[in-house]
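Asks: Have a look; sequence and predicted model below, questions after that.
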Amino acid sequence: MPSHTSIFTGLYTITHDVRSNGQTLNDEALTMAEILQSVGYQTGAVVAAAPLMNDYNLDQGFDTYNDDFRDPALIGGFKWMLRVFSAKKLVIPTSRPANRVVGAAREWLGSAAKKKRPFFLWLHFFDPHDPYDFHPDFEKPELKEGDGESNQYGVKEANYINEIEFADHNLGKVLNQLDRLGISSNTITIFTADHGESLGEHDYHGHRQDVYENIIRVPLLIRYPERLPAGERRKTPAMSIDILPTLLNLVGIPFTPQSFQGQDLFQLAENEPRRVYSLAVKLFSKSPIRRTMIFGDYKFIEFDDPSRNALYNLAQDPAESNNLMGVMESSLEKVSWVEEIKQWFERFERVNFSDIAMTPEQLEKLKSLGYIQ
């Protein structure tokens, strides 16, 4: 929830203040869906897991927000009742696999494409995610037999990879539907993730409490055949909060620099170093890690215990195994890592939604500017 909130608001976690699953987004926040809806877009979402249910207010701006995790094959029959009351306890489904997400998404997409209005669809997959289910047959994902090999840390990494392939297989069905509808060329497709996964590295399995690269380094792919050349790879360091301003630029919706804490990635110089920040989820956890900053090839991690602070050269040490804090190079002396990350935190933690320049009233005025014919 914290990561998705940053994606959809363009704000740091410390500003929108959703720092853990189970917290609710403030009504004053302005989301990607609200912005697009205000200029005439159809807006739909199909989410796959309970942390993103509409209870937590991330559904702001969506005409349709599908967060029904029940299996249609079981609803209304004795099988569903048996499942719900099995083992003398209530069993409520809290997630759904990619194939069922895609089924609902394709139905919505088919309906939206018939209308003479642009659309925005958020398609959320929970695969791959712990626990990792092995799908031997992607067309029959209910068959979960199979037990892949464990990695050196004892984690079923083969199952994790299988879930990636399962999600990819189902995402392909949506992309193929865009082709069949004849709208691929003028549809922007953005692919990213809210977090990575630690499969035992750094003595950790999961994703909530760490800020090592296997957790925070996620893919960001943007496809827009009408405007973006295929296969181009940019070296600009990116953050999740950059996605919203980048998208608005692509669709031609103006905004001021103060509207978001992220930036339009296509307006950044590729060779210019940029400070990239991340914060570990700590509100309801005992994680010793606090926050991290990346600048150029170097990455600093601040712990609650200052004696554990770490500095890595990601270009030479991508596994983050060689701590340079005790052997600071002269070229690094210009960066006051602890002070800079403290200033970043204190600056953006004090920002209120009222300080963000773009307002719903301003968005209403955009309708008169001709973006929607």
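Replies: Structure's in. What do you need?

Asks: Need the contact partners of the helix or strand hosting Ala158.
Replies: If you go by DSSP states H and E, Ala158 is part of helix 157-181. Helix 157-181 is contacted from outside by 97-99, 101-102, 105-106, 109-110, 113, 123, 125, 127-129, 132-135, 138, 141, 146-151, 184, 187, 189, 191, 197, 199, using Cβ atoms under 8 Å, 6 or more residues apart in numbering. The C-beta positions use only the backbone N, C-alpha and C, and glycine is treated the same way.

Asks: and if you look at stretch 25-33?
Replies: 5, 7-11, 16-18, 43, 45, 56-62, 120, 122, 244, 247, 353-354, 356, 358-360, 363.

Asks: just stretch 149-156 next, same as before
Replies: Here stretch 149-156 has contacts from 132, 134, 147-148, 157-158, 199-201, 205, using Cβ under 8 Å, 6+ apart.

Asks: can we see that at 10 Å?
Replies: Residues outside stretch 149-156 that contact it (Cβ atoms under 10 Å, 6 or more residues apart in numbering): 130-134, 146-148, 157-160, 162, 197-205.

Asks: Among these, name the ones in helices.
Replies: 157-160, 162 (DSSP state H).

Asks: thinking again about what came up before, give me the buried subset of the contacts of helix 157-181.
Replies: Neighbour-count burial (16 or more other Cβ atoms under 10 Å) applied to these gives 97-99, 101-102, 105-106, 109, 113, 123, 125, 127-129, 132-135, 138, 141, 184, 187, 189, 197, 199.

Asks: Just the strands from the stretch 51-200 of the chain, written as ranges.
Replies: All strands of the stretch 51-200 of the chain, identified by DSSP state E, counting those that start in this stretch, fall at 64-66, 119-123, 189-192, 198-199.

Asks: Apologies, that question was intended for the stretch 251-373 of the chain.
Replies: 275-279, 289-295, 298-303, 310-313.

Asks: State the mean pLDDT of the last one.
Replies: Spelled out, that is strand 310-313. The pLDDT scores in strand 310-313 average 94.

Asks: tell me what that strand is packed against?
Replies: Counting contacts by 3 or more Cβ pairs under 10 Å, 6 or more residues apart in numbering; DSSP states H and E, strand 310-313 packs against strand 289-295, strand 298-303.

Asks: Which of those strands comes out lowest on mean pLDDT?
Replies: strand 289-295 (a mean of 88).

Asks: Which residue ranges of this protein form helices?
Replies: Going by DSSP H, the chain shows helices at 2-9, 13-16, 32-38, 78-84, 98-113, 157-181, 213-216, 243-251, 337-349, 360-366.

Asks: between those, which gets nearest to Ala319?
Replies: helix 213-216 (8.1 Å; Cβ to Cβ).

Asks: mind saving the C-alpha coords of the closest one as PDB?
Replies: The C-alpha trace of helix 213-216 is given here as PDB (Å, rounded to 0.1, in the frame of the first residue of the first chain):
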ATOM      1  CA  GLU A 213      18.800  -3.600  -4.300                       C
ATOM      2  CA  ASN A 214      16.900  -6.900  -4.600                       C
ATOM      3  CA  ILE A 215      14.000  -5.100  -2.800                       C
ATOM      4  CA  ILE A 216      14.000  -1.600  -4.200                       C
END
